[in-house]
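Visitor: Following is a predicted model, sequence given first.
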Amino acid sequence: MASERLTIVIKLGTSSIVDEHTHEPILSILTLIVETAAKLHRDGHNVVIVSSGAVGVGLRRMDVEERPKYLPRIQALAAVGQCRLMSLWDGLFSHLRLPVAQILLTRNDIADRTQYINAQNTFSQLFDMGVIPIVNENDTLAVSEIKFGDNDTLSAITAAMVKADYLFLMTDVDCLYTANPRNNPDAQPIEVVSDISLLEADVSSAGSALGTGGMSTKIVAAKLGTSAGVTTIITKSSKPGNIHEIVRYLQELKQRESNHAEVSSEASETQISLPPLHTRFLPSDSPIQSRSFWLLHGLKPRGTIYIDHGAYAALQKKASLLPAGVVDVDGHFGQQEAVRLVVVERISPDALNGDFLHHGQEPKEIGRALVNYGSLEIARIKGHRSTHIHSLLGYADSEYVALRENISFLGADEAVRR
């Protein structure tokens, strides 16, 4: 029986592939990653590599000792380093006769739904052509407003975009521990996380001097990945061969479960070789759909709309958002831009000055929406019936502030108090 064709995303941080002190590429690790990707490819799987390292390689190329603080300087080094980084990947993969493609992204590139779908289609075509995409954030152009923040987040969004089966977050430890194993000998490995919202572990690792992430960003990425139905795995970056072994183990495990094999735990261990140590975050039982994921995580919210509990209840029953349910608006945004949705008690006209904190539930962010009107228009029509929109604005593009299809709720573990 042929193995199932999987889509596997492998995320590599700068510290995994670039020496922190000399800024030289760690060719031994790069080579092992290439060999691992080639094995997965030969097994019939689609492979995506999310590779940091452009700035780090640029530092070496330009003989700069420390990462500068001046943004244009960093972006210039990223431009230099990205060329060298892709040359390294292309050269190593060419030895195994595997073509690669460069994909550079910022949030702006996927903010438009059509562009997001175009990106999905491009990945699909590359897979059909037997190409391995190499993804990185476009550090040459990105500014804080359109950055993903770190490549852990980028890798999770990429994994959701390509509907990946597995997302591997490579790091400098074997797995997640109950405490920092470097200074706590009693730290215990956490091998399987079935509910990430209940996770209790030490995530204080701050990352390297070259990288931007630590264990906390990997937890965030795992939340994003699992919410989209992607099994997310943390394992050691210095042992890339672990990836192939873990995938093979999980395939055997899945095949056994599908065959309903009734064997004892002792027999199970003898028949299926245990994989290298890793932490596996199990995907959500009810993953959010592609469009909802895009609304929640592909777009950067430009403002906030405060709604009352009546409007929230209507949204949960699949109704669209009417202006009558809007209490207030914050920020400056235009039509078809993303905003946060926050539920508040409707107490008085000055409730949003803080009085609601003393009268009812604390405001809670419950989701995101693409709005049919800009902030100035919503401020004028809030609390009114839809039939009054034309008289208040002089036009009425829609009777709704946001259509239900353009609204997505955060998961229970993601909803935050403001």
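Guide: That came in fine, so what should we check first?
Visitor: care to break this structure down by domain?
Guide: If you go by the TED database, the domain ranges for the chain are 7-289, 301-409.
Visitor: Quick check: which of these is nearest to Leu295?
Guide: Leu295 lies closest, by Cβ to Cβ, to one member of the domains of the chain: domain 301-409, at 4.1 Å. Heads up, the C-betas are built off the backbone N, CA and C, glycines and all.
Visitor: Helices of the protein, residue ranges please.
Guide: For the chain, the helices defined by DSSP state H cover 14-17, 27-42, 54-61, 71-94, 107-111, 113-128, 151-161, 215-227, 241-258, 265-271, 290-293, 309-316, 375-381, 389-393.
Visitor: Arrange the ones you listed in TSV, one row each, with mean pLDDT, mean neighbour count and distance to Asn180 as further columns.
Guide: Output for the helices of the chain, formatted as TSV (pLDDT from 0 to 100; neighbours: other Cβ atoms under 10 Å; distance: least, Cβ to Cβ, whole Å):
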stretch	mean pLDDT	mean neighbour count	distance to Asn180
helix 14-17	87	24	17
helix 27-42	96	18	23
helix 54-61	90	24	25
helix 71-94	92	18	30
helix 107-111	78	19	32
helix 113-128	93	15	37
helix 151-161	91	27	19
helix 215-227	88	23	9
helix 241-258	89	16	21
helix 265-271	49	10	30
helix 290-293	85	18	32
helix 309-316	94	16	40
helix 375-381	95	18	44
helix 389-393	93	15	56
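Visitor: related to what we said a few turns ago, need the domains of the chain in JSON lines (columns: distance to Leu295).
Guide: Putting the domains of the chain into JSON lines (distance: least, Cβ to Cβ, whole Å) gives the following:
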{"stretch": "domain 7-289", "distance to Leu295": "9"}
{"stretch": "domain 301-409", "distance to Leu295": "4"}
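Visitor: how close does the residue positioned nearest the centre of the chain sit to Val342?
Guide: Closest residue to the average C-alpha location of the chain: Ala156 at 3.0 Å, with Cα atoms, centre = their mean. Separation of Ala156 from Val342 (Cβ to Cβ, to the nearest Å): 24 Å.
Visitor: and if you look at Ser320?
Guide: 17 Å.
Visitor: cool, and Glu362?
Guide: Separation of Glu362 from Val342 (Cβ to Cβ) stands at 10 Å.
Visitor: the more surrounded of the two?
Guide: For Glu362 versus Val342, neighbours defined as other Cβ atoms under 10 Å are more numerous around Val342 (22 against 11).
Visitor: just checking, that one touches Ala311?
Guide: No: using Cβ atoms under 8 Å, Val342 is not in contact with Ala311; the gap is 11.1 Å.
Visitor: hmm, back to that, quick one: which of the helices of the chain is nearest Arg368?
Guide: That would be, of those and by Cβ to Cβ, helix 290-293, which comes in at 9.1 Å.
Visitor: Quick check: which helices or strands does that closest one pack against?
Guide: helix 151-161, strand 407-409 (3 or more Cβ pairs under 8 Å, 6 or more residues apart in numbering; DSSP states H and E).
Visitor: can you list the residues that contact it?
Guide: Identification of contacts with helix 290-293 by Cβ atoms under 8 Å, 6 or more residues apart in numbering yields Arg113, Gln120, Ala160, Met161, Lys163, Ser227, Ala228, Glu405, Ser408.
Visitor: same thing but 10 Å
Guide: Helix 290-293 has contacts (Cβ atoms under 10 Å, 6 or more residues apart in numbering) with 113, 116-117, 120, 156-157, 160-161, 163, 224, 227-229, 287, 298, 367-368, 405-409.
Visitor: Span of stretch 101-112 from start to end?
Guide: Across stretch 101-112, the terminal residues are separated by 22 Å (Cα to Cα, to the nearest Å).
Visitor: Distance from it to the middle of the chain?
Guide: Taking Cα atoms, centre = their mean, to the nearest Å, one finds the center of stretch 101-112 at 13 Å from the center of the full chain.
Visitor: what's the answer for stretch 309-327, then?
Guide: Chain-centre distance of stretch 309-327: 28 Å, with Cα atoms, centre = their mean.
Visitor: Using PDB, write down the CA coordinates of that stretch.
Guide: Coordinates of each C-alpha in stretch 309-327 appear next as PDB, following Å, rounded to 0.1, in the frame of the first residue of the first chain:
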ATOM      1  CA  HIS A 309     -24.100  41.500  23.600                       C
ATOM      2  CA  GLY A 310     -27.200  41.400  21.400                       C
ATOM      3  CA  ALA A 311     -25.100  41.900  18.300                       C
ATOM      4  CA  TYR A 312     -22.700  39.200  19.500                       C
ATOM      5  CA  ALA A 313     -25.500  36.700  20.000                       C
ATOM      6  CA  ALA A 314     -26.900  37.500  16.500                       C
ATOM      7  CA  LEU A 315     -23.400  36.900  15.000                       C
ATOM      8  CA  GLN A 316     -23.200  33.500  16.700                       C
ATOM      9  CA  LYS A 317     -26.500  32.700  15.000                       C
ATOM     10  CA  LYS A 318     -24.900  33.500  11.600                       C
ATOM     11  CA  ALA A 319     -26.400  37.000  11.300                       C
ATOM     12  CA  SER A 320     -24.400  39.900   9.800                       C
ATOM     13  CA  LEU A 321     -23.400  42.900  11.900                       C
ATOM     14  CA  LEU A 322     -26.000  45.700  11.800                       C
ATOM     15  CA  PRO A 323     -25.100  49.300  12.800                       C
ATOM     16  CA  ALA A 324     -27.700  49.100  15.600                       C
ATOM     17  CA  GLY A 325     -25.400  46.700  17.400                       C
ATOM     18  CA  VAL A 326     -22.300  48.900  17.200                       C
ATOM     19  CA  VAL A 327     -21.500  50.800  20.400                       C
END
